[in-house]
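# got a predicted structure here, sequence first:
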Amino acid sequence: MARPVEAEADGRAPAALEIRDLRVTFNTSTGSVPAVRGVDLVIRPGETLALLGESGSGKSVTARAIMGLHDRGNVEVEMEHATVGGRDLLAMSAEERRLLRGSAMTMVFQDALSALNPVLTVGDQIGELFRVHRGASRREARERALELLELVGIPAAKDRVRDYPHQFSGGMRQRILIAMAVALEPALLIADEPTTALDVTVQAQILRLIDRLRQELGTAVLLITHDLGVAAEVADRIAVMYAGRIVETSPVDDLYDRPAHPYTEALLAAIPDLERPSSELLAIPGTPPRPGAVGRGCAFAPRCSRSTAVCTERLPLLTPVPGHPGRTAACHHTEEVLHAAVS
Amino acid sequence: MPPSAEPVLAAVDLHKTYGNRLLGRGGGVHAVAGVSLTLNAGETLGIVGESGCGKSTLARMLVGLERPDSGQVTFHGEPFASGRGAIPRGVRRRVQMVFQDPLTSLNPRMTVLDIVAEPLDVHNLATGRGARRARVGELLELVGLAPELMNRFPHEFSGGQRQRIGIARALATDPEVVVCDEPVSALDMSVQAQVVNLLADLQRTLGVALVFIAHDLAVVRHVSHRVGVMYLGRMAELGPAAEVYGAPAHPYTTALMSAAPIPRPQARHRERIMLAGDPPSPVNPPSGCRFRTRCHKAQDLCAERAPELTGPGAHLAACHFSVPAA
Ligand SMILES: Nc1ncnc2c1ncn2[C@@H]1O[C@H](COP(=O)(O)OP(=O)(O)O)[C@@H](O)[C@H]1O
Ligand SMILES: Nc1ncnc2c1ncn2[C@@H]1O[C@H](COP(=O)(O)OP(=O)(O)O)[C@@H](O)[C@H]1O
Ligand SMILES: [Mg+2]
Ligand SMILES: [Mg+2]
């Protein structure tokens, strides 16, 4: 097993997740699809990072690459650096990585029903984690399963451990999936659109549950969402993704108050705010590009009101925003965007 | 632009149950259970509610795509959607619908020209190929698409563009009413505003009345003059948008709004009412008030008697303990 590295030089615990220069390319019959084009992510222990982007921007592909879930066949996954809780993923054997999955890093999907095994009771599914990873006895496993169902708020858990997934509502199934994801107290929980299929009242319950477990267990959370509202509700930091790249990272308050990238700025102007109805939404022209149809410059340039000649020629790199500690942006005109927000 | 107070469309006590008739009466899904509403000329009536509460069923009954089991829909005072007879052509032409998923609602084998012209053909509104093409070109321009694109097929367009095609088709017959069932829910967030703004513009310029159904409360508030909040097949609250959102009278409305995520981190610490559990099944809805099983105000009365949708002025709520308007 790869050994945990020592605490970092500044004495802090190692990051829950650190990924540098992740690239994922699909080889399809119609050519290669560069779905993720150089993504860096760092999440501190106990922190929630929202990976925010529209559909097709590469969020799920990123998550699957971190988890090691892409099949080898038609896809190339490259990264320069990848650690989870200080353990080096790139130095691990496939078997070590498989064991890490489900224990040190786990994932919750949008569609809970297809992520659960339909022919096993929920008690047995949760219990199996303890049997496989912790060598627990049948009885211990069943007890732990019951505790977990109670932890995630399944009413009358005791009577329901022997029920099958289809006997639960969508919201309850998502709770069961979350119970399985936190069972072994992972360093990192990846939640890929965990509430997108749920109604808003149930979404609020699930977001609150994830946040409570993060606090109680100290788990870091990578929350993948397309919803600016959801990200604002739960994230400590946000990484905004567009066309396979991160275009901005920021502590949550700063991002909404003073976006540093024109895409973030435009998105915020395009969505209505329930509590602040305004007469006009500023629509963003055009549509997000398909991967592969992106030029060498900035992928947002064709839709950007601030783009100039340099934007279509030179790819802006994700760099620290001067004067704004903890923020990065990939834009030739960041200064201008920040300035516009205060004026 | 202020909408007039003359109702174009009105629904009176609509009921619709889906069920297995072979198994007799019981076991059916009471999808819409007594909904009444009016739509005034030129206004937008928003309808919100969680999935399964009956929004799409209501929408289909409003445009005559589905017959209510009881109750009726009237167009300028004339009933059309009850009984067995066919819906009069004049009504069908004047009441149109836009669907959520533009890809599945547009025939993939038809060109945009034929898709948009279909209602013109059905109602004999364009005589001759030239006139037909000209009218389709005009409609595409109206929704912000280049007329040159009319010979292409739906799959050659993005989601937002396909929704524009669906809107162009709905407008082809000069309708007075367009019922939009989740018209932006399937679109990317950077594209939603384009379609929301387009619908608002069309309403201003054409004076068409809209029913705008969505589960996104913020979008509905943004577009609507009046809003109806549905829960398990019934209207829980109905009134002017500013009042329903600003001073909700029904506990469900309050809970729904406090659950909606707000894109402002500072709003995180607002007071919220969390509902427990999921909405109950419409196969076996609670007696009395259907919301009572999740309501923090529920008392014995709520299980005994279903509350009427009533209230002072235009702001109505169906709750025995509704908050009186301020
Ligand atoms: N198995 C695959 N083969 C080819 N392309 C794929 C595959 N999976 C994803 N992609 C492409 O990668 C891009 C990013 O997809 P994804 O990460 O799922 O987006 P999202 O941000 O919505 O989660 C999309 O354009 C998608 O078409
Ligand atoms: N054609 C149908 N056959 C059987 N049940 C249906 C049918 N259409 C809708 N329902 C049921 O009626 C209820 C209301 O559905 P719907 O009107 O689609 O709600 P919404 O649009 O608010 O999500 C749901 O329980 C749904 O499963
Ligand atoms: Mg995804
Ligand atoms: Mg519907």
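Structure received. Ligands and ions are numbered 1, 2, ... in the order given.
# how about the residue nearest the centre of chain B, phi and psi?
Nearest to the mean C-alpha position of chain B, by C-alpha atoms, centre = their mean, lies residue B:213 at 3.2 Å. Backbone torsions of residue B:213, given as degrees, to the nearest 10, read phi -100, psi 130.
# with residue A:38 instead?
Per-residue torsions, residue A:38: phi 90, psi 70 (degrees, to the nearest 10).
# what do you get for residue A:237?
Phi and psi for residue A:237, reported as degrees, to the nearest 10, are phi -130, psi 160.
# and the helices in chain A?
Assigned by DSSP state H, the helices in chain A fall at A:59-67, A:94-100, A:112-115, A:122-134, A:138-151, A:157-160, A:170-182, A:200-217, A:228-234, A:252-257, A:262-270, A:309-313, A:334-342.
# out of the ones you listed, nearest to residue B:165?
The closest of these to residue B:165 is helix A:262-270. By C-beta to C-beta, the value is 21.4 Å. Quick note: C-beta positions are derived from backbone N, CA and C, even for glycine.
# for that closest one, give the mean pLDDT please.
Averaging pLDDT along helix A:262-270 yields 96.
# ok, it near ligand 1 or not?
No. Helix A:262-270 is not in contact with ligand 1 by C-beta under 6 Å from any ligand atom; minimum separation 14.0 Å.
# quick one: that helix to helix A:334-342, angle?
If you take axes from the mean of the first three to the mean of the last three C-alpha atoms, to 10 degrees, helix A:262-270 sits at 20 degrees to helix A:334-342.
# helix A:262-270 packs against which elements?
Judged by 3 or more C-beta pairs under 8 Å, 6 or more residues apart in numbering or on different chains; DSSP states H and E, helix A:262-270 is in contact with strand A:237-242, strand A:245-251, helix A:334-342, helix B:189-206.
# any bit of the least confident helix or strand in chain A by mean pLDDT sitting next to chain B?
Using mean pLDDT, DSSP states H and E, helix A:112-115 stands out as the lowest-scoring helix or strand of chain A, at a mean of 85. No. With C-beta under 8 Å from any C-beta of the partner chain as the criterion, chain B is not reached by helix A:112-115; the gap is at least 13.0 Å.
# I'd say the residue nearest to the centre of chain B and residue B:59 touch.
Yes. At 5.8 Å, residue B:213 and residue B:59 qualify as touching, with contact defined as C-beta atoms under 8 Å.
# anything in contact with each of the two?
Residues touching both residue B:213 and residue B:59 by C-beta atoms under 8 Å, 6 or more residues apart in numbering or on different chains: B:47, B:179, B:181.
# so the first one sits in a helix?
No. The assignment for residue B:47 (DSSP: H, G, I helix; E, B strand; the rest coil) gives strand, which keeps it out of a helix.
# so where do the strands sit in chain B?
Counting by DSSP state E, one finds strands in chain B at the ranges B:7-18, B:29-40, B:44-48, B:70-75, B:78-79, B:95-98, B:177-181, B:209-213, B:226-231, B:234-240, B:316-317.
# the ones you listed: which one's closest to residue A:20?
strand B:44-48 (43.7 Å).
# ok, back up a step: just give me the lowest mean pLDDT stretch among the helices and strands packed on helix A:262-270.
Lowest mean pLDDT of the helices and strands packed on helix A:262-270: helix A:334-342, a mean of 88.
# report all helices and strands that it contacts.
helix A:262-270.
# hmm, who's touching the helix it packs on?
By C-beta under 8 Å, 6+ apart, helix A:262-270 touches A:228, A:240, A:242, A:247-248, A:255-256, A:259, A:281-284, A:300, A:303-307, A:331, A:333, A:337, A:340-341, B:189-190, B:192-193, B:263.
# which of the shared contacts of residue B:213 and residue B:59 are buried, as a PyMOL select command?
To isolate in PyMOL the members of the shared contacts of residue B:213 and residue B:59 that are buried, counting by 16 or more other C-beta atoms under 10 Å in any protein chain shown, one can use:
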select buried, chain B and resi 47+179+181
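# mind putting the shared contacts of residue B:213 and residue B:59 into a markdown table with pLDDT and distance to ligand 1?
Converted to a markdown table, the shared contacts of residue B:213 and residue B:59 look like this (pLDDT from 0 to 100; distance: C-beta to the nearest ligand atom, whole Å):
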| residue | pLDDT | distance to ligand 1 |
| --- | --- | --- |
| B:47 | 98 | 28 |
| B:179 | 97 | 30 |
| B:181 | 96 | 24 |
